[in-house]
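Colleague: Only the shape, not the letters, is given here:
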């Protein structure tokens, strides 16, 4: 018996999910969210309770589903990349919490980076200039980054209080890291260290501790001179052309080593995705804590001089994008005199998110205070944070509420226990 295909009796004009026939997209030429990525979202809403901005506002436009709906409207020609669209995109932290719980594996981070590329040309001339200066000129240049660091103390009194509180104390680092550090004992392989921009400028001690721990565990450590900024901040803020240039340069700089070891969660996640930016720029990128956990530490870490309660902070790009959760807890728990304290709602974003704490101070401030209060409630004297942006944000937050808790990288605790 002949039967009509399912859906043949739909009313005229009705269609299944998808754009109207003959639609004209409102994306400008260049990078934009692809139709395939937009189609991956089935609008189930499972991401909503995990989105920091939706949780605090309750507004659909501040959720991943709402932002994708806005992107789809532009794709289908029903909306444009106007000021309202820009506000929806700018409020996102790109923390990737939605990706972690999405059953359809929607590449939301990639879509946000492309959408922000579309809104960059519509910003004010002053905003475009500042973003160009910081993301395209200063950060890719080691010399200019250090010059900016030197000028920071002079500019500090004139900066808004919120930004002043984020600048680390203790001064910037000078000189360069050793180009080559030979390992102790039998050589297990050669790794290259991403020195980083902010990391090496303000947190050189983290890079030094990373080199020491790797070398003591049998790894030859190189720090290539021709490496540059990883490009994460440029990519996250819609400067994908710059991010691609930096990816190509770093792919050459880090060629010939077994692994590129990274001690900043945001940088590591971005570098692991170089293949999405440039086809021939893929590298074996390993987070230093996950690397030590997986490859093994030769000598079980020793002990700290006195009992220390450590609250471990899960950086979004480590937890959500790299699946790093238990590894740092295992390594730190093996150190004598350390007690790990879990931060209430520890998987929530601290609000740093690259330059988000500067561009969206109100929302970032709410998340910062929430995180700071949760940290202090643990009674810990130390917070272990494996991302420089998180470290600066949390330190500013706990100081704002009157706490003297210290914030350091977990590799520094491992290094201190190995002395």
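Modeller: Received it, and whenever you're ready, just let me know what you need. Remember, it's a predicted structure, so these values are computed and weren't measured experimentally.

Colleague: Could you pull up the residues touching the residue nearest the centre of the chain?
Modeller: Note on the chain: the residue nearest the mean C-alpha position is residue 266, at 2.8 Å, using Cα atoms, centre = their mean. Listed by Cβ atoms under 8 Å, 6 or more residues apart in numbering, the contact set of residue 266 reads 232, 315, 317, 354, 387, 389. All C-beta atoms are positioned from the backbone trio N, CA, C, and that covers glycine.

Colleague: would you list those residues in TSV and tack on distance to residue 33 and secondary structure?
Modeller: Converted to TSV, the contacts of residue 266 look like this (distance: Cβ to Cβ, whole Å; DSSP: H, G, I helix; E, B strand; the rest coil):
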residue	distance to residue 33	secondary structure
232	19	helix
315	25	coil
317	20	helix
354	20	coil
387	26	coil
389	25	helix
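
Colleague: Mind checking which of the residues you listed are buried?
Modeller: Buried residues within those, counting neighbours by 16 or more other Cβ atoms under 10 Å: 232, 315, 317, 354, 387, 389.

Colleague: Can you give me the distance of the last one to residue 230?
Modeller: If I follow you right, that is residue 389. When Cβ to Cβ, to the nearest Å is applied, the distance between residue 389 and residue 230 equals 13 Å.

Colleague: Pairing partners for residue 180 in the sheet, please.
Modeller: residue 222 (DSSP bridges).

Colleague: What distance do you get for it to residue 150?
Modeller: Distance from residue 180 to residue 150, by Cβ to Cβ: 27 Å.

Colleague: Outline the domain layout of the protein.
Modeller: 35-122, 301-418 (automatic domain parsing).

Colleague: Quantify the burial of the spatially closest residue to residue 156 that is not a sequence neighbour by counting its neighbouring residues.
Modeller: Excluding the flanking residues, the one nearest residue 156 by Cβ to Cβ, 6 or more residues apart in numbering is residue 164, at 5.6 Å. Neighbour count of residue 164, defined by other Cβ atoms under 10 Å: 14.

Colleague: re the thing from before, reformat the domains of the chain as a markdown table; add distance to residue 251 and mean pLDDT.
Modeller: Shown next, in a markdown table, are the domains of the chain (distance: least, Cβ to Cβ, whole Å; pLDDT from 0 to 100):
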| stretch | distance to residue 251 | mean pLDDT |
| --- | --- | --- |
| domain 35-122 | 19 | 95 |
| domain 301-418 | 20 | 95 |
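
Colleague: out of those domains, which comes closest to residue 280?
Modeller: Residue 280 lies closest to domain 35-122 among the domains of the chain, at 18.6 Å (Cβ to Cβ).

Colleague: next one: that closest one to chain centre, how far?
Modeller: 17 Å (Cα atoms, centre = their mean, to the nearest Å).

Colleague: do stretch 384-394 as well
Modeller: Distance, centroid of stretch 384-394 to centroid of chain: 11 Å (Cα atoms, centre = their mean).

Colleague: Contacts only, for residue 414.
Modeller: 209, 213, 292, 297, 301, 331-332, 335.

Colleague: wait, residue 342
Modeller: Residue 342 touches 311-312, 378, counting by Cβ under 8 Å, 6+ apart.

Colleague: Please tell me which one of the contacts of residue 414 counts the most neighbours.
Modeller: Per-residue neighbour counts (other Cβ under 10 Å) across the contacts of residue 414 peak at residue 292, which has 25 neighbours.
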